[in-house]
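1. Quick one: sequence and predicted model below, then my questions.
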There are 2 protein chains.
Amino acid sequence: MQVEGLSINLATIREQCGFAEAVDICLKHGITHIAPWRDQVAKVGLEEAVRIVRANGLKLTGLCRGGFFPAIDRVGWEKNLDDNRRAIDEAAALGADCLVLVVGGLPGSSKDIAAARQMVSNGIAAVLPHAQAAGVPLAIEPLHPMYAADRACVNTLGQALDICEQLGEDVGVAIDVYHVWWDPDLAEQIARAGRMKRIFAHHICDWLVPTKDMLTDRGMMGDGVIDLKGIRRMIEEAGFLGAQEVEIFSADNWWKRPADEVIAICVERYHSCCQA
Amino acid sequence: MQVEGLSINLATIREQCGFAEAVDICLKHGITHIAPWRDQVAKVGLEEAVRIVRANGLKLTGLCRGGFFPAIDRVGWEKNLDDNRRAIDEAAALGADCLVLVVGGLPGSSKDIAAARQMVSNGIAAVLPHAQAAGVPLAIEPLHPMYAADRACVNTLGQALDICEQLGEDVGVAIDVYHVWWDPDLAEQIARAGRMKRIFAHHICDWLVPTKDMLTDRGMMGDGVIDLKGIRRMIEEAGFLGAQEVEIFSADNWWKRPADEVIAICVERYHSCCQA
């Protein structure tokens, strides 16, 4: 039986299996929407990944990830742009709904976050024509402020939407509840994203208390404090009815369990905790 | 020689020494401004702490901390308010510039952060008359969003100032660079706080990359990515010329070094990294 509205970001079972096996497990559980990471695609080979996607009628809710624009010099900058263009080509080949952008943090030993943010806008603008030619929407993923220094200096939905407004309609947002659940402006900014028609993806997991690791201690939906139903309601009211994509980095728990078990629990929790 | 404009939050050397010894070390380094925590005061006894403060002509840039308002029931709520009234009395006895409020997170198993935020406003409003009668300004400290669930659901300066606006002029903010440095609205909100005359304290330390622990891996000024001079400039331009208060929680580094060495380095870094 097909599970409507659920997508699995393959990072959720990245330690347990490669692309092909991950796809098999998703299909076994009735899931036809996935979102792979580029390294997972590279490992099986882009052509083979495309073949698997087509042969199984899979839909990609996104490809993770482009971004990391800020650089310390011109050479690094051009290298980053080239890498983003390759990511766009891969997303196009795979027919992904969008390329997710984790925009990057402070380059080198910089303490100038405003400058890094400007580089991000400039970087997205620079690769946007390539994305438009390839038909790949770019989805800025605002990351939790705890990643501002080293992963992404775009840290709120409002800030991401300001960039979208500036760059035009093929640049939108991936709203990951883990990163934005705390934001006092969340309801307002989700509504704004809806009016702008820029919600390109909706990622889910949960915020655990306590959170033992800043990177790899994300929780399964229902195990933490995020009001997943409430946020989904806001997102649907804003006009986005696309799949909810489970993305869980969990070194000490979910990455250690059998992938089949993890996906079964994702399905169960999706039904019990996530629908508006 | 006295060090002008520098205060030491005694949490910075909490593992090494008690109140009296901490004061001696600060004085030795020419520091006459301190900010103790309530447990440090309690250990030596409030009366003795007041005596030490007066005998040495110390100035308290704040007492840490009141707050933790949200509760699961009426009994817990009243208990929290009582505790805040006691904290206000202690701050008054010590002649502290303000009582710092770490407002609290989600009570019990709640996922309703909007409700928790409302409890915070209500709680501050409830104890404000007591604070006014005691002559103790209340300083809301917006905490980094990574603490939204378990420590403070007020997570941006803008959000804190909205509460201040609502409650009146004896409620202001403690701006800790660790919590706010990433905020895209920082410059604008510091200017707003200045116009409102609500900057009651300025705390400093640094954000390390990587940050290994969410609670106890704060860095010494200069060792991380925060533009301390730039933020100090904004704060002075907003009209706050009070001391910068060093508050470093560092289980694996600074709490393991001799307190005398830690304070010497605080003074050195204050001169080299922190002044506008």
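-> Cool, got the structure.

2. from here on, contacts and neighbour counts on C-alpha atoms
-> Fine.

3. Stretch A:230-250: which residues count as buried?
-> Across stretch A:230-250, burial judged by 16 or more other Cα atoms under 10 Å in any protein chain shown covers A:231-236, A:238-240, A:242-250.

4. again, but for stretch A:266-276
-> A:266-267, A:269-270, A:274-275.

5. show me where chain A has strands.
-> A:6-9, A:33-35, A:59-60, A:63-67, A:99-102, A:138-140, A:171-176, A:199-204, A:244-246 (DSSP state E).

6. any idea which of those strands is most buried?
-> strand A:138-140 (a mean of 30; mean count of other Cα atoms under 10 Å in any protein chain shown).

7. Quickly run through the sheet partners of it, with directions.
-> strand A:99-102 (parallel), strand A:171-176 (parallel) (DSSP bridges).

8. ok, back up a step: Throw the strands of chain A into a markdown table and include mean pLDDT and distance to B:Gly105, thanks.
-> Below are the strands of chain A laid out as a markdown table (pLDDT from 0 to 100; distance: least, Cα to Cα, whole Å):
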| stretch | mean pLDDT | distance to B:Gly105 |
| --- | --- | --- |
| strand A:6-9 | 98 | 30 |
| strand A:33-35 | 98 | 33 |
| strand A:59-60 | 98 | 37 |
| strand A:63-67 | 98 | 32 |
| strand A:99-102 | 98 | 28 |
| strand A:138-140 | 99 | 29 |
| strand A:171-176 | 98 | 21 |
| strand A:199-204 | 98 | 21 |
| strand A:244-246 | 98 | 26 |
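
9. Would you mind measuring from A:Val246 to B:Tyr178?
-> A:Val246 sits 31 Å away from B:Tyr178, taking Cα to Cα, to the nearest Å as the criterion.

10. what does A:Lys43 give?
-> Distance from A:Lys43 to B:Tyr178, by Cα to Cα: 39 Å.

11. show me the contacts for A:Val267.
-> A:3, A:6, A:29 (Cα atoms under 8 Å, 6 or more residues apart in numbering or on different chains).

12. Poorly predicted segments of the stretch 51-200 of chain A, please.
-> The model of the stretch 51-200 of chain A has no residue with pLDDT under 70.

13. what residues does it put near chain B?
-> Contact residues, the stretch 51-200 of chain A versus chain B (Cα under 8 Å from any Cα of the partner chain): A:109-113, A:144-146, A:148-150, A:153, A:155, A:159, A:182-184.

14. could you pull out the helices for chain A?
-> When assigned using DSSP state H, the helices of chain A occupy the ranges A:19-28, A:38-44, A:46-55, A:74-94, A:113-134, A:157-167, A:177-180, A:186-195, A:228-237, A:259-273.

15. could you give me the average pLDDT of the last one?
-> Translated: helix A:259-273. In this model, helix A:259-273 carries a mean pLDDT of 98.

16. Check the gap between the residue of the stretch 51-200 of chain A found nearest chain B and B:Arg198 for me.
-> Chain B sits closest to A:Lys111 of the stretch 51-200 of chain A, with a gap of 4.9 Å, by Cα to the nearest Cα. Distance, A:Lys111 to B:Arg198, by Cα to Cα: 27 Å.

17. With neighbour numbers in mind, choose between the two.
-> Legend: neighbour count by other Cα atoms under 10 Å in any protein chain shown for A:Lys111 and B:Arg198, higher for B:Arg198 (27 against 17).

18. Now for the more buried one: which residues touch it?
-> Shown in contact with B:Arg198 (Cα under 8 Å, 6+ apart): B:164, B:169, B:171-173.

19. check contacts around the nearest residue to A:Trp207 once chain neighbours are set aside.
-> Once flanking residues are discounted, A:Trp207 sits nearest to A:Gly224: 4.8 Å by Cα to Cα, 6 or more residues apart in numbering or on different chains. Counting by Cα under 8 Å, 6+ apart, A:Gly224 touches A:206-209.

20. Check A:Ile199 too.
-> A:Ile199 touches A:172-175, A:193, A:240, counting by Cα under 8 Å, 6+ apart.

21. and if you look at A:Arg232?
-> A:274-276.

22. Check what pLDDT it gets.
-> At A:Arg232, pLDDT is 98.

23. And for A:Met1?
-> So A:Met1 comes in at 79 (pLDDT).

24. Tell me, how many residues neighbour it?
-> Residues within reach of A:Met1, counting by other Cα under 10 Å, total 8.

25. Distance of the residue nearest the centre of chain A relative to A:Ala251?
-> The centre of chain A sits closest to A:Val100, judged by Cα atoms, centre = their mean, with a distance of 5.1 Å. Distance, A:Val100 to A:Ala251, by Cα to Cα: 22 Å.

26. Equivalent analysis for A:Ile163, please.
-> Taking Cα to Cα, one finds A:Ile163 at 33 Å from A:Ala251.

27. For the two, indicate the residue with more neighbours.
-> A:Ile163 (22 against 14).

28. For that one, which non-adjacent residue is spatially closest?
-> Using Cα to Cα, 6+ apart, the nearest residue to A:Ile163 is A:Ser121, at 6.5 Å.

29. Hmm, the one you found is touching A:Asp162, no?
-> No: applying Cα atoms under 8 Å, one finds A:Ser121 not in contact with A:Asp162, separated by 9.9 Å.

30. and these two? which has more neighbours close in?
-> When A:Ser121 and A:Asp162 are compared on other Cα under 10 Å, the one with more neighbours turns out to be A:Ser121, at 20 against 11.

31. quick one: pLDDT of A:Glu247?
-> Confidence score, pLDDT, at A:Glu247: 98.

32. which residues does it contact?
-> Taking Cα under 8 Å, 6+ apart, one finds A:8-12, A:203-205 in contact with A:Glu247.
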